[in-house]
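Undergrad: how does the following fold in three dimensions:
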Amino acid sequence: MKKLALALAGVLLLSGCAEMVAQQQAETQKSYNELTECQMPNLRNADDNVNKQSFISNLTLHAYTSSADNFVMETKFRRLQIVGWDDSVTKSIGDCYSNQIAARIDFVKKQFETLKSSTKNKDEKMALIAAYSAWEAYVTSQTEDHKQDFESKLSFYKNI
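TA: The predicted model follows:
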């Protein structure tokens with residue numbers, strides 16, 4: 001009788017553990033699914049009638065929102081370390097961030113090219129190119145040096 005009771009207790013214990021493992025795997029998969037969600041920037045079509053002020057506003061907006069994208073990516077990587085590392089999830093997070101950067105650059109570059117071709121003043125054109133180049137460097141590599149360089153060159157362009 002004791003053997004039967006022990007066997008029954010063992011079976012119940014193992015089935016409880018199996019259920020717990022299945023539940024934990026489901027929660028991990030749910031976390032992976034959340035981590036791989038990718039929110040692309042909501043970009044409207046580039047306006048052919050772009051002017052200096054709207055371009056400056058777009059550079060500023062996309063610099064700050066790309067900084068937020070970078071923060072989200074880093075947060076997802078930290079969470080992934082807690083949940084459990086998975087190479088495909090890691091790749092998905094990195095791909096999402098790269099696609100967000102590429103979308104922002106494509107959007108702003110169209111406006112930059114339009115504005116560059118319509119700017120006649122040589123000094124203003126050089127300042128425009130410098131501001132855009134610093135912006136692109138900052139968007140692709142979120143460092144404090146790139147941020148300061150961008151802000152400095154944008155300020156110069158604003159005031160020219």
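
Undergrad: what's stretch 27-46 in contact with?
TA: 62, 65, 69, 76, 79-80, 83-84, 86, 89, 92-93, 95-96, 99-100, 103-104, 107, 110-111, 114 (CB atoms under 8 Å, 6 or more residues apart in numbering). In short, each C-beta sits where N, CA and C put it, glycine included.

Undergrad: what of stretch 107-118?
TA: 41, 43, 46-48, 50-52, 54-55, 58-59, 62, 125, 128-129, 132, 135.

Undergrad: just the ones of the residues you listed in helices?
TA: With DSSP state H as the criterion, helices contain 52, 54-55, 58-59, 62, 125, 128-129, 132, 135 from among the contacts of stretch 107-118.

Undergrad: give me the buried subset of the contacts of stretch 107-118.
TA: By neighbour count, with 16 or more other CB atoms under 10 Å, those hold 46, 50, 55, 58-59, 62, 125, 128, 132, 135 as buried.

Undergrad: can you turn the buried part of the contacts of stretch 27-46 into a ChimeraX selection?
TA: The ChimeraX selection below is limited to those of the contacts of stretch 27-46 classed as buried (16+ other CB under 10 Å):
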select :62,69,76,80,83,86,89,92,93,96,100,104,107,111,114
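
Undergrad: show me where pLDDT drops low in the chain?
TA: 1-19, 21-22, 26, 45-48 (pLDDT under 70).

Undergrad: again, only using 80
TA: Within the chain, the segments meeting pLDDT under 80 span 1-26, 28-29, 31, 44-48.

Undergrad: in it, which residue is closest to the centre?
TA: residue 69 (3.2 Å; CA atoms, centre = their mean).

Undergrad: since that was my last question, I'll sign off now.
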